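Novice: Sequence first, then the predicted structure:
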Amino acid sequence: MDVIDKIRRKAAVQLKTIVLPEYKDERTIEASNIIEKEGIAKALLLSEERISKQDKERYIEEFYGLHKSKVADINEVRKMFNDPLYYAAMMVREGKADGFVAGAAHTTPDVGRAAIRCLGVSERIGIACSCFIMAVPDCEYGVKGTFVFADCGIIPEPNPRQLACIAVTSAELAVKVLDLVPRVALLSYSTKGSAKGKNIDKIVEALGAAREMAPDLLVDGELQVDAAIVPEVAEIKYPESPVGGNANVLIFPSLEAGNISYKLVQRLSNARALGPLILGLNKPCSDLSRGCSIEDIVDCVAVTAIRAQ
C-alpha cells in the first residue's frame, strides 16, 4: 500500500532508536531483522544481555522516587522491573532511546501503564489516549482509504474534554506521520440534532472544546459515519459541515465503539491497522495487538520513529 511505503521511507530519512522489549517473541525478532535490513530505524531488541544491572537499579530507584506514594515499597518496583517493558520505557524517558514498541506479548493495559508511569503525560494534552492508522485497500473515502481512528485502546468512556483532547492529538499525528490535512469528525448516531440525548450533548460540548483548543482545526460533530465520510450523504444530511463527506480522522464516542469499528474494518476489508499508537505522553511509543503480524510490528516501529524525528 502506498501509505505504508511512505511511512517506511519517511522513517528512514532520520534514523531513530526504537526499543523492542519483547525479545522472546518470534514475530518481534523477525521484525527487528527487517527494520535493520531496510534501514527503517535502529531496532534495539532488548535481550537480557543488553540490560545493564547498574542502569536497571538506577531506573528502579528513579521510578520509586516518582511513584512512591502509589507503591508499597521499592521491592514492589523491583518485581515490576522483572518485565523488560519497564526498563525499555525508562530508557526512552532518559533519552537512551527515542521510543519503544510492545504489545505482541503484553496486553494494552500492561503497555499503557508502563508508558504512562515512565514517560509521563504531556501537560499540554493532559491525558493519555491512542489511535490507529487505518489503510483500507480500494477505498474512495478518507484520503484514498487512509484514516486515523481514535480512541480505540485506552479511555473507556471519554468525557467532553477528553474527546476534544483525543481529536486534537489524533489530528496532530495525522499531520506529523501522514502529511495529511486533518478533517476531524466527532462520530455519533446522530447528525446535527437528528436525535437527542445526553450522549449527543457530550459530543456537542466536545466540539466546542476542540475548537477552543485548536481554532484552525477542521472539526465537526455530531456526525453519523456516513455523513462524515460519504460526500453524497453529507450533501443530504448536513451540507454546511466543514468536514462532512471528507473526514479522515474519526473520533469515536467510546472505547467500545472505536475498538469494535477498527477490528471490523480491519477484518472485513483486509485493511492494515497500525497501533494502538499511544498519544498524549512526553515521548512516543506504540502498543500492538497480541494478534499482530510481523509487518504490523515493523510499521508501528516506523510510525514511532517518525514521531520521534
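Specialist: Everything's here; your move. These numbers were taken from a predicted model, which means no experiment stands behind them. Numbering: from 1, shown residues only.
Novice: Give the helix, strand or coil label for the one residue sitting closest to the centre of the chain.
Specialist: Among the residues of the chain, the one closest to the centroid is residue 277, at 2.0 Å (CA atoms, centre = their mean). Classification of residue 277 using DSSP: H, G, I helix; E, B strand; the rest coil returns strand.
Novice: Show me what the residue nearest to it when sequence neighbours are not counted is bridged to.
Specialist: With sequence-adjacent residues excluded and distances taken as CB to CB, 6 or more residues apart in numbering, residue 277 is closest to residue 286, at 5.0 Å. C-beta coordinates here come from the backbone N, C-alpha and C atoms, glycine included. Per DSSP bridges, the residues bridged to residue 286 are residue 101, residue 277.
Novice: Would you mind listing the outside residues contacting stretch 199-209?
Specialist: With contact meaning CB atoms under 8 Å, 6 or more residues apart in numbering, stretch 199-209 is reached by 159-161, 163-164, 167, 186, 188-190, 193, 219-222, 253.
Novice: What segments of the stretch 1-150 of the chain are strands?
Specialist: 17-20, 42-45, 99-101, 129-135, 146-150 (DSSP state E, counting those that start in this stretch).
Novice: now do the stretch 151-300 of the chain
Specialist: 183-187, 218-223, 249-251, 272-279, 285-286.
Novice: Just give me how far the fourth one sits from the chain centre.
Specialist: In terms of CA atoms, centre = their mean, to the nearest Å, the centre of strand 272-279 is found 4 Å from the chain centre.
Novice: That strand relative to strand 146-150, how many degrees between them?
Specialist: 40 degrees (axes from the mean of the first three to the mean of the last three CA atoms, to 10 degrees).
Novice: just checking, what packs against strand 272-279?
Specialist: helix 108-119, strand 129-135, helix 160-178, helix 255-269, strand 285-286, helix 294-308 (3 or more CB pairs under 8 Å, 6 or more residues apart in numbering; DSSP states H and E).
Novice: tilt between the first one and strand 129-135?
Specialist: Helix 108-119 and strand 129-135 are oriented at 120 degrees to each other (the same axes, to 10 degrees).
Novice: name the helices or strands packed onto helix 108-119?
Specialist: Using 3+ CB pairs under 8 Å, 6+ apart, helix 108-119 sits against helix 53-67, helix 84-94, strand 272-279, strand 285-286.
Novice: Tabulate the CA atom coordinates of it in PDB.
Specialist: Output in PDB follows, covering the C-alpha atoms of helix 108-119 (Å, rounded to 0.1, in the frame of the first residue of the first chain):
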ATOM      1  CA  THR A 108      -2.800  -2.900  26.100                       C
ATOM      2  CA  PRO A 109      -3.300  -2.100  29.900                       C
ATOM      3  CA  ASP A 110       0.200  -3.500  30.600                       C
ATOM      4  CA  VAL A 111       1.900  -1.400  27.900                       C
ATOM      5  CA  GLY A 112      -0.200   1.600  28.700                       C
ATOM      6  CA  ARG A 113       0.600   1.500  32.400                       C
ATOM      7  CA  ALA A 114       4.400   1.200  31.700                       C
ATOM      8  CA  ALA A 115       4.200   4.100  29.200                       C
ATOM      9  CA  ILE A 116       2.200   6.400  31.400                       C
ATOM     10  CA  ARG A 117       4.200   5.800  34.500                       C
ATOM     11  CA  CYS A 118       7.600   6.000  32.900                       C
ATOM     12  CA  LEU A 119       7.200   8.600  30.200                       C
END
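Novice: For that helix, could you pull out the residues that count as buried?
Specialist: 108, 111-119 (16 or more other CB atoms under 10 Å).
Novice: I'd say residue 235 and residue 227 touch.
Specialist: No. Counting by CB atoms under 8 Å, residue 227 is not a contact partner of residue 235; they are 9.3 Å apart.
Novice: shared neighbours of these two, which are they?
Specialist: Joint contacts of residue 235 and residue 227 (CB under 8 Å, 6+ apart) are 244-245.
Novice: Same drill for the two, tell me which one is more crowded.
Specialist: Between residue 235 and residue 227, counting by other CB atoms under 10 Å, residue 227 is the more crowded of the two (29 against 13).
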